[in-house]
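Q: one predicted model, sequence on top.
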Amino acid sequence: MPPLASDLVRDAASLRSLIRSIYLQRDDVDRNYRRATVEFLAYITDLGRKTELYLEKFASAPTDPDPALAAMDRENIASLRSFWFDLHDLVQPSRDADTLHSPEILISYLEDRLSAIPGLSDCKLLISHTPELNYVQSPRQHLRERADSYAAIVPGSQKFPAKMALIAIPYSQDENLFSNLIICHEIGHFVFEQLGLEEPLSGRIENALRNSGPTLSSDDRSWCLERVWAWIEEIFCDRFAIGLIGPAFSFSYIEMFDVLGIADKDQVNDFADTHPSDSCRFLEHFRQLQITGWWSLLEQRGNTYTKLIRDLSNIPSSRYKFESKGRSRTLANRALKAFGKVRPFVSSLIAGVFRGRECRFRGGEEMECVRAIEKYLSWGVVPATVIRERVAYQPDPVIIVNAGYLFYLEEISTLIGRIRQSRQEERQPVWQRQRWSQRVEQWTMKAIEDVRLPTNRRPWPT
């Protein structure tokens with residue numbers, strides 16, 4: 001039965017109420033936002049206002065509308081409402097992640113790093129909060145398609161903002177530096193989508209699955225392809241993150257997900273439906289660190305995180321395991337076998353994306369810079385300017401992040417030992433470690449902020 005005119009007016013009013021509850025500013029007046037958030041909220045506001053204008057047409061609709069047209073109008077209202085359901089999940093979490101509640105300095109620096117990669121200039125990172133203790137990148141293809149369909153209904157509607165990564169971070173980590181380096185992995189998912197890397201991989205994955213055993217049913221083939229795609233993208237994102245920020249990403253991953261706690265258990269070899277095993281992932285970390293020279297730095301340090309990376313990378317692929325509910329072990333092994341055939345190509349894919357712009361460690365002067373930064377931190381000094389032979393130098397931000405994280409892992413005790421403490425403080429080693437770890441993160445973050453300002457200091461390393 002086609003809807004009556006009064007029904008359309010009622011539904012249009014209901015949609016208008018929903019839209020206004022989402023796009024109208026509430027407490028935004030006293031908040032400061034990054035450029036990406038401003039652009040996104042402006043898109044939401046423009047979309048809301050133009051939709052309100054579109055909905056006004058129902059106020060003057062005839063009381064006995066053409067049934068076919070009325071049915072189409074009802075369908076359009078349902079489509080518009082569905083899109084606002086999608087946007088609802090992004091708008092307030094993005095508002096909550098204002099400049100006081102997100103790692104603004106780190107995000108701005110990562111945007112600069114990202115924009116230096118060919119094909120990714122002027123990319124933006126829209127940061128939002130999530131109640132989950134995890135980092136998530138929202139795929140944009142679905143939103144872009146929905147926005148295009150929306151524009152076909154509401155005249156003048158804009159396309160969904162281009163080159164904008166949608167990344168959710170745990171609300172509890174909004175001020176941290178080291179844990180938020182996980183963001184680099186999520187940026188990898190954005191890059192994978194933005195640069196259309198499915199195309200060079202598609203044929204390889206299809207061939208690998210075809211050549212790894214007998215012909216599969218359509219359902220089994222689709223299931224295997226989905227697994228291999230997910231695993232390949234995950235190791236791409238890990239290697240991309242190291243290319244973007246260096247071994248600090250590996251440290252962040254180990255610490256956030258407590259890989260040390262499971263390192264001696266066989267579960268480090270377990271693949272999940274959407275993620276490869278930790279042993280597989282850290283083999284790829286090790287390879288990327290070797291290629292970019294960072295492993296030479298880590299080898300000299302010999303900390304527990306370095307040992308973990310080495311130990312996991314040495315686990316043979318024959319120990320990898322994958323079990324999935326409702327699927328045979330034979331089929332699961334088929335997916336693993338196909339994945340093993342495609343995995344070596346990820347290294348070439350990473351090299352093609354960065355084209356020489358991945359961060360590298362070359363030893364020599366860079367090693368001296370790492371030592372100088374750690375020395376400054378050991379005395380509680382922000383290492384934004386390093387004096388060497390009476391000349392002021394400005395360290396590279398990537399060196400600052402990685403030297404800061406190494407100091408945080410290995411040398412906090414040196415800093416604490418230089419601070420006069422009461423007897424009560426001496427009896428609280430965990431509190432002391434946590435307190436001064438936070439300070440080291442703050443000093444490292446401040447150094448990144450300072451070196452991005454205009455200066456006449458010489459860069460170091462040159």
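A: It's in.
Q: mind checking which helix or strand the closest residue to residue 136 other than its chain neighbours is in?
A: Ranked by Cβ to Cβ, 6 or more residues apart in numbering and with sequence neighbours excluded, the top spatial neighbour of residue 136 is residue 168, at 4.5 Å. All C-beta spots, glycine's among them, are computed from the backbone N, C-alpha and C. Element membership of residue 168 [criterion: DSSP states H and E] is strand 164-170.
Q: got a list of contacts for that strand?
A: For strand 164-170, the external contacting residues (Cβ atoms under 8 Å, 6 or more residues apart in numbering) are 36, 39-40, 90, 93, 97, 102-103, 123-138, 140, 180, 183, 186-187, 190, 194.
Q: re earlier: show me what the residue nearest to residue 136 bridges to in the sheet.
A: residue 128, residue 136 (DSSP bridges).
Q: residues contacting residue 329?
A: Here residue 329 is in contact with residue 323 (criterion: Cβ under 8 Å, 6+ apart).
Q: relative to residue 228, how far out is it?
A: Counting by Cβ to Cβ, to the nearest Å, the gap between residue 329 and residue 228 amounts to 17 Å.
Q: my read: residue 335 touches residue 320, true?
A: No: counting by Cβ atoms under 8 Å, residue 335 stays clear of residue 320, with 11.0 Å between them.
Q: please identify which of those two sits among more neighbours.
A: residue 335 (26 against 20; other Cβ atoms under 10 Å).
Q: quick check: closest non-adjacent residue to residue 367.
A: residue 297 (7.0 Å).
Q: just give the number of residues close to the one you found.
A: 21.
Q: right, and the helix or strand after the strand or helix carrying it?
A: For residue 297, the element it lies in under DSSP H and E is helix 294-301. Using DSSP H and E, the helix or strand that follows helix 294-301 in sequence is helix 304-313.
Q: tell me what angle that next one forms with helix 294-301.
A: For helix 304-313 against helix 294-301, the angle by axes from the mean of the first three to the mean of the last three Cα atoms, to 10 degrees is 120 degrees.
Q: helix 304-313 packs against which elements?
A: Counting contacts by 3 or more Cβ pairs under 8 Å, 6 or more residues apart in numbering; DSSP states H and E, helix 304-313 is packed against helix 248-256, helix 278-291, helix 294-301.
Q: recalculate using a threshold of 10 Å.
A: In terms of contacts (3 or more Cβ pairs under 10 Å, 6 or more residues apart in numbering; DSSP states H and E), helix 304-313 is packed against helix 248-256, helix 278-291, helix 294-301, helix 397-410.
Q: let me know the pLDDT of residue 434.
A: Predicted confidence (pLDDT) for residue 434: 93.
Q: so what's the residue count around it?
A: 11.
Q: please, which helix or strand holds it?
A: Using DSSP H and E, residue 434 falls in helix 429-451.
Q: so for that helix, what gets flagged as buried?
A: 432, 436-437, 440-441, 443-451 (16 or more other Cβ atoms under 10 Å).
Q: ok, longest helix in the chain?
A: Counting residues, the longest helix found in the chain (DSSP state H) is helix 67-96.
Q: alpha carbons of stretch 247-254, as CSV, please.
A: Taking Å, rounded to 0.1, in the frame of the first residue of the first chain, the C-alpha atoms of stretch 247-254 are listed here in CSV:
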residue,chain,number,x,y,z
PRO,A,247,60.9,0.2,15.3
ALA,A,248,58.9,2.3,17.7
PHE,A,249,55.8,0.8,16.1
SER,A,250,57.0,-2.7,17.0
PHE,A,251,57.7,-1.6,20.6
SER,A,252,54.2,-0.1,20.8
TYR,A,253,52.6,-3.2,19.5
ILE,A,254,54.5,-5.5,21.9
